[in-house]
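Trainee: here you go, sequence then predicted model.
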Amino acid sequence: MRHEVQHPIKLPVELDAMRSREQALGASELVARVLAGDRSAFRLLVEEYEGLVGHIVFRMVKEPEDRQDLCQEVFLRVYRHLPEFRGDCKLSTWIARIAYNSCLNWLQKKRPQLYERSAADGPSLDELPAPHPSPEEAATRQDLRERLEQEIMALATPYRTVLTLYHVEHMSYAEIGRVMGLPQGTIKSYLFRARKRLKDRLLARYEREEL
């Protein structure tokens, strides 16, 4: 069973209602229902966290076909290891760590040289444009997004991962540390270096007026 990260699962009305109840009950109840064999609850779990998994996988892995396989693998691992979840961290953090480790395993086993190699292409950051921008404004924003995305993907994998978890997923230093298995001090250092390198790359490549 494949779960398309780019295209969220379309739920019928009764599952939409169930999802609202699950969100009110919290992650622990959702986990309990999945462990009890409730397949619809697992579908809800996938829909709830597929964006998080997609951000991590798409930021760390370049090849589209491998991204899709990895997203599927992550949720299979989540399902298999869910009995091990003890609630000592957020469910989102626990799932993010599985996604991160899955990507690391893939990078180190299948493409060892990719771990620190720059990537040329990547997905766009999730940004919501202002309501009804003019065609000129929309074109300018799209150009800036593409430039920023290109420079982010040129950073080393750990740096672009930290940027994504902090700025896109809004995780704390502690949560990112759990995901990446690193001390908070290291996470802060990575984030500082990533921002500085990104700024330096942008200023070196583009005129200040353009930015």
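Mentor: Structure received.
Trainee: which parts of the helix or strand I56 falls within are buried?
Mentor: Following DSSP states H and E, one finds I56 within helix 39-60. By neighbour count on 16 or more other CB atoms under 10 Å, the buried set for helix 39-60 is 40-50, 52-60. In short, each C-beta sits where N, CA and C put it, glycine included.
Trainee: can you give me the neighbour number for C89?
Mentor: Burial of C89 is recorded as 15 neighbouring residues (other CB atoms under 10 Å).
Trainee: not counting its neighbours along the chain, what's nearest Y206?
Mentor: Of all residues not flanking Y206 in the chain, R147 sits nearest, at 6.8 Å (CB to CB, 6 or more residues apart in numbering).
Trainee: what of L163?
Mentor: Counting by CB to CB, 6+ apart, A194 is the residue found nearest to L163 once chain neighbours are left out, at 5.1 Å.
Trainee: now do the strands in the chain.
Mentor: Taking DSSP state E, the chain contains no strands at all.
Trainee: what segments of it are helices?
Mentor: When assigned using DSSP state H, the helices of the chain occupy the ranges 13-25, 27-35, 39-60, 64-81, 91-109, 135-153, 157-163, 173-180, 184-205.
Trainee: now mean pLDDT too, for those, in a markdown table please.
Mentor: Putting these into a markdown table (pLDDT from 0 to 100) gives the following:
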| stretch | mean pLDDT |
| --- | --- |
| helix 13-25 | 46 |
| helix 27-35 | 88 |
| helix 39-60 | 91 |
| helix 64-81 | 91 |
| helix 91-109 | 90 |
| helix 135-153 | 72 |
| helix 157-163 | 89 |
| helix 173-180 | 92 |
| helix 184-205 | 89 |
